[in-house]
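Engineer: Kindly generate the corresponding structure for this input.
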Amino acid sequence: MNDQIETIKRTRTHLLELVKELNIEQLNKVPAGFNNNIIWNLGHLVAAQQGICYVRTGVKPHVAEDFIDRYKKGSKPERFLNEEELKKIKELFFSSLDILKQDYESGLWTGYDSWTTSYGVELNSIEDAIQFLNFHEGLHSGYILALKRVI
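Structural biologist: Model (predicted):
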């Protein structure tokens with residue numbers, strides 16, 4: 001699983017490189033035809049990882065509940081986020097994965113309640129969940145690329 005987590009880290013590093021030249025206004029912009037913005041997608045990746053690996057398993061997440069609620073599936077950007085809030089998302093982008101790796105290596109998950117994602121993927125274990133995260137990261141990378149093109 002460490003390889004899977006490292007792949008997620010590389011994807012996230014690439015995403016931050018991709019958007020590093022955008023200013024805070026561009027990162028907050030919700031273009032016509034879209035429901036969210038680049039910052040929301042970055043926050044969503046952290047929230048989704050916490051939800052899929054922790055909340056769904058009954059394990060306390062390492063990210064605040066209000067953060068997860070703000071970026072969970074079905075949510076939308078509610079306000080303009082400032083540079084400090086963006087910095088927090090960027091910190092969580094990697095610290096949440098470091099903790100996931102530590103928790104996995106320590107054997108934190110002794111079970112996993114099976115469920116089927118909205119994409120029709122059945123997750124039966126924490127290993128399935130971590131593998132699914134790579135698909136999810138790729139999906140939102142595409143959304144971020146599309147948003148970048150139109151802003």
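
Engineer: packing partners for the longest helix seen in the chain?
Structural biologist: What stands out as the longest helix in the chain, according to DSSP state H, is helix 126-150. Counting contacts by 3 or more C-beta pairs under 8 Å, 6 or more residues apart in numbering; DSSP states H and E, helix 126-150 is packed against helix 2-19, helix 38-53, helix 83-105, strand 122-123. Where you see a C-beta, it was placed from the backbone N, CA and C, and this is true even at glycine.

Engineer: mind checking how far it is from the chain centre?
Structural biologist: Averaging C-alpha positions (C-alpha atoms, centre = their mean, to the nearest Å) puts helix 126-150 8 Å from its chain's average.

Engineer: Just list the residues touching Glu78, thanks.
Structural biologist: Applying C-beta atoms under 8 Å, 6 or more residues apart in numbering, one finds that Glu78 lies in contact with Arg70.

Engineer: Assign a three-state SS to it, would you?
Structural biologist: Classification of Glu78 by DSSP: H, G, I helix; E, B strand; the rest coil places it in coil.

Engineer: Next one, pLDDT for the residue nearest in space to the middle of the chain please.
Structural biologist: Nearest to the centroid of the C-alpha atoms of the chain, with distances taken as C-alpha atoms, centre = their mean, sits Leu45, at 0.9 Å. pLDDT for Leu45: 98.

Engineer: ditto for the one 3 residues further on
Structural biologist: Taken from the predicted model, the pLDDT recorded for Ala48 is 97.

Engineer: who's in contact with the nearest residue to it once chain neighbours are set aside?
Structural biologist: Setting aside the residues directly before and after it, Ala48 is nearest to His136 in space (C-beta to C-beta, 6 or more residues apart in numbering), at 5.9 Å. His136 is in contact with 45, 48, 52, counting by C-beta under 8 Å, 6+ apart.

Engineer: Mind doing that once more with 10 Å?
Structural biologist: Residues counted as contacts of His136 (C-beta atoms under 10 Å, 6 or more residues apart in numbering) are 8, 44-45, 48-49, 52, 73, 117, 119, 121, 129.

Engineer: Looking at those residues, which one is closest to Leu81?
Structural biologist: Nearest to Leu81, judged by C-beta to C-beta, of the contacts of His136 is His44 at 12.7 Å.

Engineer: Go ahead and confirm that closest one touches Tyr71.
Structural biologist: Yes. In this structure, His44 is within contact of Tyr71 by C-beta atoms under 10 Å, at 4.5 Å.
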